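In: Here is a sequence with its predicted model. Questions after.
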Amino acid sequence: MENQVRSGVGIDYTGMMSNSQNPSGFTKAELQSLQIELDRAQTSLESRWEAGELDFSKLLVSMKAQVPEIIKYADAAASKFENFVVLGIGGSALGPLAVHQALNHYYYNELPPEKRGLRPRLYVVDNIDPVRFKELFQILDPSKTLFNVISKSGNTSETMAQFLIVRDILRQVCGDSYAEHIVVTTDKAKGNLLPIALKEGFQRFVIPAGVGGRFSELTPVGLLAAAVCGIDIDQLLEGALSMDQWIRETQGVFSNPAQLRVALARFSWQKGKTVSVFMPYVDGLKTMADWYAQLWAESLGKRFDRQGQEVHVGQTPVKALGVTDQHSQVQLYVEGPNDKVMTFVTVEKFKDTQLIPLDSELPEDIHFLGGRTLEELLFSEQKATEYALTLAGRQHQKIILSSLDAYNVGQLLLLLEWETAYMGELLNINAFDQPGVEEGKNGTYALMGRKGYETRKKEIEEYGETQYYLRS
Ligand SMILES: O=P(O)(O)OC[C@H]1O[C@](O)(CO)[C@@H](O)[C@@H]1O
């Protein structure tokens, strides 16, 4: 194998490469030809790192130093509250959810408290659907709940609205002690949430200035929820640091995992693969696909390059789950337009095993299942899907975690963050802003009557008149 598997996460890119079954795959020479560009990207990223623009990586060490403080608070919260609710959206919600699902029991909230290590149930409310919001309070006792309001900007309408509703409920239920039920995670110096937190005396955690929402999982954004729910955040950061070191200290497309992944992404993009399918074959990683989708889409979907030229770049991320989506989307991937590149995410070993019982009374055709395990079936299905894709000339690769543990999840997060940063360099765009979303945010302020947005409001209302409509 050319690519070294270090510490527990590996990349199998056989399905991306040219061979007798897939002559249209890439050659080693092709990947190697990108090395000068990759070296340039590495140098540029290094200077951005120095300048504090890549604090998702640079601040890992200081995050590790903050672990005891976070654990101390989390343990105290866990002994006091039955529920921990994250209020946030986008990067302020997807990371906490992804890591929780990856590392805790799949039915964590339904477990009796002693099987949860007496830790609180976790809810991540990442939307503003009024029905869902109301229904949350039909199952939650606010007096036994700690709410973590997370917003980097401290201004996001969805999160601020959630906060205002929750604060109101808490005031009614808990009276003067309502502030003990709110912990705020936001910027140190900016945004509307900060002065409120200071005035009302909420416990506060800081999102470092140079870390944007979608890169913030390994700051208090994700670390607090993880620690409250019993995840080993020290190991999470340890894994992240080891991947960080591997990527920052290694030269060469066949040795540096971020360079390898980005070279594959770059060539597939160039060859018309406008869709990137992220398909874990582990239920625990299902919401990791949501987290990845935001990271890849918001970072790389850009209209202008750094010189202001209109480029309209970006690969569309699609979330899928193996084996479930074999029975839903894979037909399209095998026979539809050849515009997709697939990343499967798998584990070498599941935490547990499940035997399929043998029953010789049953029809002969299902005998083959008996005595085998569910994971054997799952691995076989995955392999068979890879084979079908290869036969159809479709490219695919695998990120393989030795097991689904905190260390490896930390590695995975950093790998995906770094490859996104690299892709930004190769596409010559700013991977750390989101001007297209800001437009929508401002439009929302206008429509909701925020001061200073009156002209915008008028424009949108005029534009927004319904002209064509069909109804039952
Ligand atoms: O954490 P904030 O500032 O509330 O932002 C939430 C999300 O909104 C965005 O700014 C736009 O979707 C994301 O980048 C971010 O993760």
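Out: Sure, I can see it. Residues are numbered from 1 along each chain as shown.
In: hey, C-alpha coordinates of stretch 314-323 in CSV?
Out: Extracted in CSV, the C-alpha atoms of stretch 314-323 (Å, rounded to 0.1, in the frame of the first residue of the first chain):
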residue,chain,number,x,y,z
GLY,A,314,-18.2,24.1,-5.7
GLN,A,315,-19.0,20.4,-5.6
THR,A,316,-22.4,19.5,-4.4
PRO,A,317,-22.3,17.3,-1.3
VAL,A,318,-24.8,14.6,-1.0
LYS,A,319,-25.5,12.7,2.2
ALA,A,320,-26.2,9.0,2.1
LEU,A,321,-26.1,6.1,4.4
GLY,A,322,-24.9,2.6,3.7
VAL,A,323,-26.6,0.1,3.5
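In: Run the chain-centre distance for that stretch.
Out: Centre-to-centre, stretch 314-323 and its host chain are 12 Å apart (Cα atoms, centre = their mean, to the nearest Å).
In: Show me which residues of it are buried.
Out: Within stretch 314-323, the residues that count as buried by 16 or more other Cβ atoms under 10 Å are 314-315, 317-323. The C-beta positions use only the backbone N, C-alpha and C, and glycine is treated the same way.
In: Can you add distance to the ligand and pLDDT and give these back as a markdown table?
Out: Formatted as a markdown table, those follow (distance: Cβ to the nearest ligand atom, whole Å; pLDDT from 0 to 100):
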| residue | distance to the ligand | pLDDT |
| --- | --- | --- |
| G314 | 15 | 96 |
| Q315 | 18 | 96 |
| P317 | 14 | 98 |
| V318 | 18 | 98 |
| K319 | 17 | 98 |
| A320 | 22 | 97 |
| L321 | 23 | 98 |
| G322 | 27 | 96 |
| V323 | 30 | 96 |
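In: now, which of those residues lie within strands?
Out: The strands, defined by DSSP state E, take in 317-319 from the buried residues of stretch 314-323.
In: Make a markdown table out of those and add distance to E114.
Out: Formatted as a markdown table, these follow (distance: Cβ to Cβ, whole Å):
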| residue | distance to E114 |
| --- | --- |
| P317 | 39 |
| V318 | 40 |
| K319 | 34 |
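In: Number of residues surrounding the closest residue to E46 other than its chain neighbours?
Out: Distances taken as Cβ to Cβ, 6 or more residues apart in numbering place R248 nearest to E46, at 7.6 Å, with adjacent residues excluded. R248 has 17 neighbouring residues, counting by other Cβ atoms under 10 Å.
In: residue nearest the centroid of this protein?
Out: Centroid-nearest residue in the chain: W291, 1.9 Å away (criterion: Cα atoms, centre = their mean).
In: can you give me how far whichever strand or helix holds it is from the chain middle?
Out: According to DSSP states H and E, W291 maps onto helix 286-300. Chain-centre distance of helix 286-300: 5 Å, with Cα atoms, centre = their mean.
In: just checking, what packs against that helix?
Out: With contacts taken as 3 or more Cβ pairs under 8 Å, 6 or more residues apart in numbering; DSSP states H and E, helix 286-300 sits against helix 94-103, strand 275-280, strand 316-319, helix 406-427.
In: Pull the CA coordinates from it and hand them back as PDB.
Out: Extracted in PDB, the C-alpha atoms of helix 286-300 (Å, rounded to 0.1, in the frame of the first residue of the first chain):
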ATOM      1  CA  LYS A 286     -25.000   9.300   9.700                       C
ATOM      2  CA  THR A 287     -25.100  12.900  11.100                       C
ATOM      3  CA  MET A 288     -21.300  13.200  10.300                       C
ATOM      4  CA  ALA A 289     -22.500  13.300   6.700                       C
ATOM      5  CA  ASP A 290     -24.700  16.400   7.600                       C
ATOM      6  CA  TRP A 291     -21.700  18.000   9.200                       C
ATOM      7  CA  TYR A 292     -19.500  17.300   6.200                       C
ATOM      8  CA  ALA A 293     -22.200  18.600   3.800                       C
ATOM      9  CA  GLN A 294     -22.100  22.000   5.500                       C
ATOM     10  CA  LEU A 295     -18.300  22.100   5.600                       C
ATOM     11  CA  TRP A 296     -17.900  21.200   1.900                       C
ATOM     12  CA  ALA A 297     -20.900  23.200   0.600                       C
ATOM     13  CA  GLU A 298     -20.500  26.400   2.500                       C
ATOM     14  CA  SER A 299     -16.800  26.600   2.300                       C
ATOM     15  CA  LEU A 300     -16.400  25.800  -1.400                       C
END
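In: pretty sure R266 contacts Q35?
Out: No - using Cβ atoms under 8 Å, R266 is not in contact with Q35; the gap is 11.9 Å.
In: These two: which has the busier surroundings?
Out: Neighbours per residue (other Cβ under 10 Å) separate R266 from Q35, with R266 holding more: 20 against 15.
In: quick one: the closest residue to the ligand within the stretch 151-300 of the chain and S18, what's the gap?
Out: At 2.6 Å from the ligand, G213 is the closest residue in the stretch 151-300 of the chain, using Cβ to the nearest ligand atom. Distance, G213 to S18, using Cβ to Cβ, to the nearest Å: 39 Å.
In: So the two - more neighbours on which side?
Out: G213 (25 against 14).
In: got a list of what the more buried one touches?
Out: By Cβ atoms under 8 Å, 6 or more residues apart in numbering, the contact set of G213 is 90-92, 152-153, 221.
In: which of the residues in the lowest-mean-pLDDT helix or strand in the chain are buried?
Out: Lowest on mean pLDDT, DSSP states H and E among the helices and strands of the chain sits helix 454-463, with a mean of 86. Neighbour counts over helix 454-463 (16+ other Cβ under 10 Å) mark 456-457 as buried.
In: what about the strands in the stretch 251-400 of the chain?
Out: Along the stretch 251-400 of the chain, counting by DSSP state E, counting those that start in this stretch, strands occupy 275-280, 302-304, 310-313, 316-319, 340-347, 396-401.
In: Strands of the stretch 1-150 of the chain, start to end?
Out: 9-12, 83-87, 121-125, 145-151.
In: Can you tell me which of those strands is most buried?
Out: strand 145-151 (a mean of 27; mean count of other Cβ atoms under 10 Å).
In: gap between stretch 354-371 and the chain center?
Out: For stretch 354-371, the distance to the chain centre is 38 Å (Cα atoms, centre = their mean).
In: okay, how far is it across it, tip to tip?
Out: 10 Å (Cα to Cα, to the nearest Å).
In: got the contact list for the residue nearest to E46?
Out: 46, 49, 57.
In: Of those, which is the most crowded?
Out: Result: S57 is most packed of the contacts of R248 (other Cβ under 10 Å), 24 neighbours.
In: And the residue nearest to it when sequence neighbours are not counted, how close does it get to L237?
Out: Using Cβ to Cβ, 6+ apart and skipping residues adjacent in sequence, the residue nearest S57 is D244, 5.2 Å away. Going from D244 to L237 by Cβ to Cβ gives 10 Å.
In: Between these two, which contacts overlap?
Out: Contacts common to D244 and L237, judged by Cβ under 8 Å, 6+ apart, are L60.
In: picking that back up, the residue nearest to the centre of the chain contacts G95, correct?
Out: Yes - proximity of W291 to G95 meets the contact threshold set by Cβ under 8 Å, at 5.7 Å.
In: intersection of neighbour lists for those two?
Out: E217.
In: Can you tell me, leaving aside adjacent residues, what's nearest to the residue in the stretch 351-472 of the chain that the ligand sits nearest to?
Out: Residue nearest to the ligand within the stretch 351-472 of the chain: V437 (3.8 Å; Cβ to the nearest ligand atom). Once flanking residues are discounted, V437 sits nearest to E298: 6.8 Å by Cβ to Cβ, 6+ apart.
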